[in-house]
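> pasting the structure only:
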């Protein structure tokens, strides 16, 4: 699938540079001095124990939180008021009380897509996630897996350059998880940079090209996925893998 | 002597026979209160949404004032509107005193804070759930306020109804600014007060029954709408 160019400004968003980023609540540093550069192409998976700061890091990158110190720089910063070129899928999808199709159309409306284009693009996105038959159904009464696929369709329709995912399958059964992973893989193939937080190490192996390992708010290790799982360089990562992997 | 029983049976006869006096009073009541509710919604719902979503200096003060204003004493509102609309008042030229318009104004002032205050609570709860997603999509604060207003529409039915109930049942303010003039500004509540003091219990009781029936019917309708919508839209 070729990438449409209509949302592209001359410069790409990526790479994204985090420089000495700190996020503190009171005296507690939830993100502690993280410096990292995220580049286009590879799928980045962020892993770490509960409370390691994974979700907060994602929200900082996406602009939902402001760092206490340090800088977060996109190659081409988004302009206030212009359509966003990045999207995020949350652990629990937040859908509006309207039909599935209308939820996607709403996102396109906010992104400033011309009215005559919205319907077609929204339907195409629903097809991509296998929800075309449920377009007229009320979004909030869909099953958990369907709701999350709808959230992905909404992100897909926006054709973002970067997609952040915060444990998108944490509350789903294996079948629904598989469906979600298929869509994420398809978005990656279509050229969207994937940055995902997951608890599920199997998923990290399946979807990750590179792994960022967070421990107590610090970026302890960054490695290619296969190397990370076979030979973690840091004792913290080794311990984490030992504790998490049942085999 | 069973005056209540006699009055009740006469009241039912008045209602069943479609007594023109009673009918006129009921229709005027509905017209005044519905217009007041419509006005209060047009003003109060956007205020509630903006206060729920916005962050601006004085917001907390405004919330406290809104909540306090939910309990405005009707007679005080009536008095103030009376002073403003009376011949010597700032809007005296318009000649609105003792007209249905004056009653609409008084009722709208009474229930706008109720609608705005309750809407603020409902929308702020929803904002807590939707905020990250809407910000992620790049929605503006104003856009978010409108989106939330629409998304909680079924919950708003209940609070609009609370506003209507307050308006329709209120007597002090409309008595002062309307004057209870027969055929012009006599509504159900003022008529009930008057007929009771005159001793015409059948008409008073008949009007009371109609008032209760209207409030009951509206609540039942709103309940059905809300329940079925919630089942349909989640």
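On my side now, so go ahead. As the structure is a prediction and not an experimental result, all values here were calculated from the model.
> Tell me where the model's unsure across chain A.
Residues of chain A meeting the criterion pLDDT under 70: A:1-10, A:245-247.
> In it, where's the longest helix?
Longest helix in chain A, counting residues (DSSP state H): helix A:174-189.
> who's in contact with the helix or strand just after it?
Downstream of helix A:174-189, the next assigned helix or strand under DSSP states H and E is strand A:193-197. Identification of contacts with strand A:193-197 by CB atoms under 8 Å, 6 or more residues apart in numbering or on different chains yields A:14, A:38, A:40-47, A:54-55, A:57-58, A:61, A:161-168, A:184, A:187-188, A:207-208. Just so you know, the C-beta spots here come from the backbone N, C-alpha and C atoms, and that holds for glycine as well.
> which among those residues end up buried?
Of all these considered here, the ones buried according to neighbour count by 16 or more other CB atoms under 10 Å in any protein chain shown are A:14, A:38, A:42-47, A:54-55, A:57-58, A:61, A:161-168, A:184, A:187-188, A:207-208.
> ok, the residue of chain A found nearest chain B - how many residues close by?
Closest to chain B within chain A is residue A:140: 2.9 Å, counting by CB to the nearest CB. Residues within reach of residue A:140, counting by other CB atoms under 10 Å in any protein chain shown, total 20.
> part of a helix, is it?
Yes - counting by DSSP: H, G, I helix; E, B strand; the rest coil, residue A:140 is part of a helix.
> nearest spatial neighbour of it, skipping sequence neighbours?
Leaving aside its sequence neighbours, residue A:140 sits nearest to residue B:234 (CB to CB, 6 or more residues apart in numbering or on different chains; 2.9 Å).
> which residues does the one you found contact?
Contact analysis of residue B:234 by CB under 8 Å, 6+ apart lists A:97, A:138, A:139, A:140, A:141.
> In this structure the first one contacts residue A:139, no?
Yes - Residue A:97 sits in contact with residue A:139 when judged by CB atoms under 8 Å, with a separation of 7.5 Å.
> Looking at these two, which one has more neighbours?
Set side by side, residue A:97 and residue A:139 show more neighbours around residue A:139, with 27 against 21, by other CB under 10 Å.
> so that one touches residue A:105, yeah?
No - contact status for residue A:139 versus residue A:105: not in contact, 11.4 Å apart, counting by CB under 8 Å.
> In contact with residue B:172, which residues?
Here residue B:172 is in contact with B:73, B:74, B:75, B:78 (criterion: CB under 8 Å, 6+ apart).
> Adding pLDDT, secondary structure and distance to chain A, write those out as CSV.
Listed next are the contacts of residue B:172 as CSV, based on pLDDT from 0 to 100; DSSP: H, G, I helix; E, B strand; the rest coil; distance: CB to the nearest CB, whole Å:
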residue, pLDDT, secondary structure, distance to chain A
B:73, 94, coil, 37
B:74, 94, helix, 35
B:75, 95, helix, 40
B:78, 96, helix, 39
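> Buried ones from the residues you listed, can you make that a ChimeraX selection?
Command for ChimeraX that selects the buried part of the contacts of residue B:172, burial taken from 16+ other CB under 10 Å:
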select /B:74,78
